[in-house]
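K.L.:
sequence first, predicted model second:
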Amino acid sequence: MFALIDGNNFYVSCERVFQPQLIGRPVISLSNNDGCTISRSNEAKNLGIKMGQPWFEIRHLEKEAGLVALSSNFTLYGDMSNRMMQIAAELGPAQEIYSIDESFIGLHGVPGDLVQRCHEIRSRILKWVGIPCGVGIGATKTRAKLANHIAKTAERKPGIYPAQLAQVCNLEALPASDVDVILAATDVGEVWGVGRQIGKQLKALGVHSVLDLAHLSPTMVKKRWNVVLERTVRELQGEPCIALDDAPPPKQQIACTRSFGQPISTLPPLVQAVSDFASRAAEKLREQDSVAGQLLVFAHTSPFRGGPQFSRHSVVKLLRPTSDSRLLVKAAIDGITSIYSRGFQLIKAGIILLDIMPTTVRQCELDFGDIDSSSTANLMATLDALNHRFGRGAVSIASAGLPRSQRVWTMKQERLSPHYTTRWSDLPIVKAN
DNA sequence: TCTGGGGTCCTAGGACCC
DNA sequence: TCTGGGGTCCTAGGACCC
């Protein structure tokens, strides 16, 4: 048995904890460069604002409907997430943190009334962190996801589902006939693992509801589609196919990419940008104690605009797998310089670290040729410590050397609004008992 | 004027080997 | 001109997730 607990409208809910005057108003959180919508309050959803919708399409709602749009603040969201996850972990013996705002809980061996327990944890998170959550319980992760959708929808749109399923929904505690009614009332596209493409194909074949999908033969689904959808069908039918992943392996790819505030057409700011991206990615790499063998760097023009289009990438093989910021920055610069061409309005660039493997003692020794390996490790550790202490980008690799004020992109963490100057580490950690 | 930034898994097909 | 079968590894691309 699994529970899925997630924060409602997470980023907006985080903002509202510190700006209670936003409660009851339509509020959205915007992506980097305030490009598009990444979180919406219920009031914003009711205005018809879609997930991912570009800001320029909806900004008229500021005046017309009192919409409040906020730049995102991922430092804040990450900290709120940690607090929420700590309390959510009390639900059961195992936890998989699935994303910044949701976690699966393994409920094996948990005694007593599960629904009541979930309500208690939910109230505790609301009271101690300030984030409203929904909880779904099911025999499989897919059913728990579905139950979570029902719990949230029952709360937000009364009438579609039984009112007592609001906030916490245990699919397995309902009579089978009730479950069928609920599944029949739910669009197949709501199922975890069914996206736009597959959803369209299913509907073309008359599979419209979750119940329709659950009634398909897994063998046929595998033949007609693939094993991924087959697993989804089996999970819907109650057969666990996806295990709780409470100790995720180190990442196999680490990316750092950004859209620019304004297009770039010259090399120096591009070099500066990919240098920063490579530095940040190198930090992430060292955080998981890995090294990368290759670095991919890319840049492209906007597909939404006219004019000559440019989209190129280059894969740079490192001499040896490394996590040294200096070598990765150099590789990024070499790569971008090799693909750069004049005359294009570049709107986005990024780097992706590939061929990632764990750092081993031997690799440490081999690393950096004539540079002493222990001093390199010390240097990188110092770099990370300084940036942790004084904020991201406080110390960086000197490459093209554009002052921050002349940059044409923003790293998210540089855009903290003045409201959020609290040092989160100074606040007491709440312990749940 | 203005359109995010991460990740994962799976499959097909090519290169290469014996 | 005729030209096996099976295995592995790698990569690109497509689908999905939040």
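P.N.:
Looks like it came in fine. Numbers count the residues shown, from 1 in each chain, chains lettered A, B, ... in the order given.
K.L.:
any low-confidence regions in chain A?
P.N.:
Counting by pLDDT under 70, the ranges of chain A that qualify are A:361-374, A:388-433.
K.L.:
that one: strands as residue ranges?
P.N.:
For chain A, applying DSSP state E gives strands covering A:2-7, A:27-30, A:37-40, A:68-71, A:94-99, A:102-106, A:133-138, A:168-170, A:254-264, A:290-301, A:311-322, A:346-358.
K.L.:
give me the buried positions along the longest one.
P.N.:
Same thing as strand A:346-358. Taking 16 or more other CB atoms under 10 Å as the neighbour-count basis, strand A:346-358 is seen to contain the buried residues A:346, A:347, A:348, A:349, A:350, A:351, A:352, A:353, A:354, A:355, A:356. Using the backbone N, CA and C atoms, a C-beta is placed for each residue, glycine as well.
K.L.:
distance to DNA strand B for those residues - can I get that in TSV?
P.N.:
Conversion of the buried residues of strand A:346-358 to TSV gives the following (distance: CB to the nearest atom of the strand, whole Å):
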residue	distance to DNA strand B
A:346	12
A:347	6
A:348	6
A:349	9
A:350	6
A:351	9
A:352	7
A:353	8
A:354	10
A:355	12
A:356	9
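K.L.:
start to end distance for stretch A:292-311?
P.N.:
Counting by CA to CA, to the nearest Å, you get 24 Å between the two ends of stretch A:292-311.
K.L.:
er, stretch A:210-230 actually
P.N.:
Distances were taken as CA to CA; on that basis the terminal residues of stretch A:210-230 are 14 Å apart.
K.L.:
residues contacting residue A:133?
P.N.:
With contact taken as CB atoms under 8 Å, 6 or more residues apart in numbering, residue A:133 is in contact with A:5, A:6, A:7, A:8, A:84, A:88, A:122, A:125, A:126, A:167.
K.L.:
please disregard the earlier target; I meant residue A:286.
P.N.:
Counting by CB under 8 Å, 6+ apart, residue A:286 makes contact with A:323, A:380, A:384.
K.L.:
still on that earlier bit, which of the contacts of residue A:133 lies closest to DNA strand C?
P.N.:
Within the contacts of residue A:133, distances to DNA strand C taken as CB to the nearest atom of the strand reach their minimum at residue A:6, with 7.1 Å.
K.L.:
what is that closest one paired to in the beta sheet?
P.N.:
For residue A:6, the beta-bridge partners under DSSP bridges are residue A:102, residue A:134.
K.L.:
for it, what are its contacts?
P.N.:
Applying CB under 8 Å, 6+ apart, one finds that residue A:6 lies in contact with A:101, A:102, A:103, A:133, A:134, A:148.
K.L.:
wait, what's in contact with the fifth one?
P.N.:
The neighbourhood of residue A:134, defined by CB under 8 Å, 6+ apart, consists of A:5, A:6, A:8, A:122, A:148, A:151, A:152, A:155, A:167, A:168.
K.L.:
now do 6 Å
P.N.:
Taking CB atoms under 6 Å, 6 or more residues apart in numbering as the criterion, residue A:134 is in contact with A:148, A:151, A:152.
K.L.:
now restrict those to buried residues only.
P.N.:
Among the contacts of residue A:134, those scoring as buried are A:148, A:151, A:152 (criterion: 16+ other CB under 10 Å).
K.L.:
could you measure the last one against residue A:169, distance?
P.N.:
To tie it back to what came earlier, the one meant is residue A:152. As judged by CB to CB, to the nearest Å, residue A:152 and residue A:169 stand 9 Å apart.
K.L.:
nearest to residue A:38, of the buried ones among the contacts of residue A:134?
P.N.:
Set against residue A:38, the nearest of the buried ones among the contacts of residue A:134 by CB to CB is residue A:152 (17.5 Å).
K.L.:
need the contact list for that closest one.
P.N.:
residue A:134.
K.L.:
try 8 Å
P.N.:
Contacts for residue A:152 (CB under 8 Å, 6+ apart) come out as A:8, A:134.
K.L.:
that older thread, now tabulate the strands of chain A in TSV and tack on distance to residue A:47.
P.N.:
What follows is the strands of chain A, written out as TSV (distance: least, CB to CB, whole Å):
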stretch	distance to residue A:47
strand A:2-7	21
strand A:27-30	9
strand A:37-40	9
strand A:68-71	12
strand A:94-99	25
strand A:102-106	25
strand A:133-138	21
strand A:168-170	26
strand A:254-264	25
strand A:290-301	32
strand A:311-322	35
strand A:346-358	28
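K.L.:
DNA strand C is nearest to which of those?
P.N.:
The stretch from these with the least distance to DNA strand C (CB to the nearest atom of the strand) is strand A:94-99; that distance is 3.7 Å.
K.L.:
need the contact partners of the closest one.
P.N.:
Taking contacts as CB under 8 Å, 6+ apart, the residues outside strand A:94-99 that touch it are A:4, A:85, A:88-89, A:103-106, A:108, A:244-246, A:248.
K.L.:
one more time with 7 Å
P.N.:
A:85, A:88, A:89, A:103, A:104, A:105, A:106, A:244, A:245, A:246 (CB atoms under 7 Å, 6 or more residues apart in numbering).
K.L.:
wait, does the longest helix belonging to chain A contact DNA strand B?
P.N.:
For chain A, the longest helix by residue count, based on DSSP state H, is helix A:267-287. Yes - for helix A:267-287 and DNA strand B, the contact criterion (CB under 7 Å from any atom of the strand) is met by A:277, A:284.
K.L.:
what residues does chain A put near DNA strand B?
P.N.:
Looking at DNA strand B, the residues of chain A close enough under CB under 7 Å from any atom of the strand are A:31-33, A:35-36, A:38, A:51-52, A:54-56, A:226-228, A:251-259, A:263, A:277, A:284, A:302, A:304-305, A:347-348, A:350, A:352.
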